[in-house]
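Visitor: just a sequence and a predicted model for now, questions to come.
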Amino acid sequence: MRIGNEDYTRYVWIGLGLTLFIIAALSFYWLNESARLAQAAQNFTAERERRGRAIYADQCVICHGPNGEGGTGPALNNRGLLKNTLDEVLFSVIRSGVPGTQMPAWSVDFGGPLTDENIHDVVASIRAWEPTAPDIEPAPFTPDPARGAALFASTCAVCHGQNGRGTNAAPALNNPARLQPLDDEWYRVTIRNGRPAKGMPTWGSVLSPEQIEDIIALLRQWQP
């Protein structure tokens with residue numbers, strides 16, 4: 001390459017060579033940096049899972065089993081559960097608990113022993129089960145009037161009276177003449193959605209569907 005009487009060809013080749021060298025060096029650095037970042041992320045996840053396993057062993061084993069197989073609480077090492085449940089949902093359930101069940105709130109914000117960072121660690125340890133988690137079919141549910149009686153005493157008796165005999169605040173439920181014409185679905189919807197105009201609160205946000213079925217089983221036991 002000549003400009004006037006000067007030949008710049010050598011300088012063009014030197015500049016091109018330097019440019020290619022810089023590109024190659026940056027590419028090499030980027031590849032190494034990507035591998036380093038990936039390794040750092042892997043190390044962070046492994047450490048989080050390790051901390052989570054320790055917390056799980058201290059706090060969760062008694063209800064959910066040593067390997068998440070379930071016990072008093074449901075199985076967590078369950079392919080269907082893990083596949084269909086986001087980490088954010090697991091975090092929320094652990095943090096604030098499930099009202100009306102034996103699952104308490106674990107966050108320090110709700111009087112529990114765990115920080116949000118602790119809860120993230122536990123979620124990571126639960127998520128680590130997913131690749132090898134078995135498919136666990138839920139046990140068939142049978143409504144139990146004895147469980148229903150305990151629930152009724154703690155949630156319903158304040159208005160409907162002990163053993164459903166009624167009070168000034170709400171009608172008697174232990175009454176065959178009242179029970180016979182109303183089917184289970186009517187009670188199911190009424191308990192779940194309430195009857196605000198009659199002063200009956202909504203219980204669907206407090207009681208699980210299974211707990212509502214237990215209460216209906218109690219009502220039917222009273223019917224004869």
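Guide: Sure thing, it's come through.
Visitor: if you average pLDDT per helix and strand, which one of the chain comes out bottom?
Guide: strand 2-3 (a mean of 54; mean pLDDT, DSSP states H and E).
Visitor: please, where are all the strands along the chain?
Guide: 2-3, 6-7 (DSSP state E).
Visitor: let me see the contact set for the most centrally placed residue in the chain.
Guide: Most central in the chain under C-alpha atoms, centre = their mean is L90, positioned 2.9 Å from the mean C-alpha point. Neighbour list for L90: V123, I126, R127 [criterion: C-beta atoms under 8 Å, 6 or more residues apart in numbering]. Heads up, the C-betas are built off the backbone N, CA and C, glycines and all.
Visitor: how much space separates the first one from R51?
Guide: Counting by C-beta to C-beta, to the nearest Å, the gap between V123 and R51 amounts to 11 Å.
Visitor: look at the two and report which has more neighbours.
Guide: Between V123 and R51, counted using other C-beta atoms under 10 Å, V123 has the larger neighbour count: 23 against 17.
Visitor: so the more buried one is in contact with V89, correct?
Guide: No - applying C-beta atoms under 8 Å as the test, V123 and V89 come out as separate, 9.5 Å apart.
Visitor: domains in the protein, by residue range?
Guide: Following automatic domain parsing, one finds the domains of the chain at 2-42, 52-132, 145-222.
Visitor: among those domains, which comes closest to A139?
Guide: Each of those has some distance to A139 by C-beta to C-beta; the shortest is domain 52-132, at 9.4 Å.
Visitor: ends of that closest one, how far apart?
Guide: Terminal residues of domain 52-132 lie 18 Å apart, using C-alpha to C-alpha, to the nearest Å.
Visitor: now it: mean pLDDT?
Guide: Confidence for domain 52-132, expressed as mean pLDDT, is 93.
Visitor: need the distance between the two termini of stretch 133-143.
Guide: Using C-alpha to C-alpha, the gap from the first to the last residue of stretch 133-143 comes to 29 Å.
Visitor: related to what we said a few turns ago, any chance of the domains of the chain in CSV, with distance to P138 too?
Guide: Shown next, in CSV, are these (distance: least, C-beta to C-beta, whole Å):
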stretch, distance to P138
domain 2-42, 34
domain 52-132, 8
domain 145-222, 10
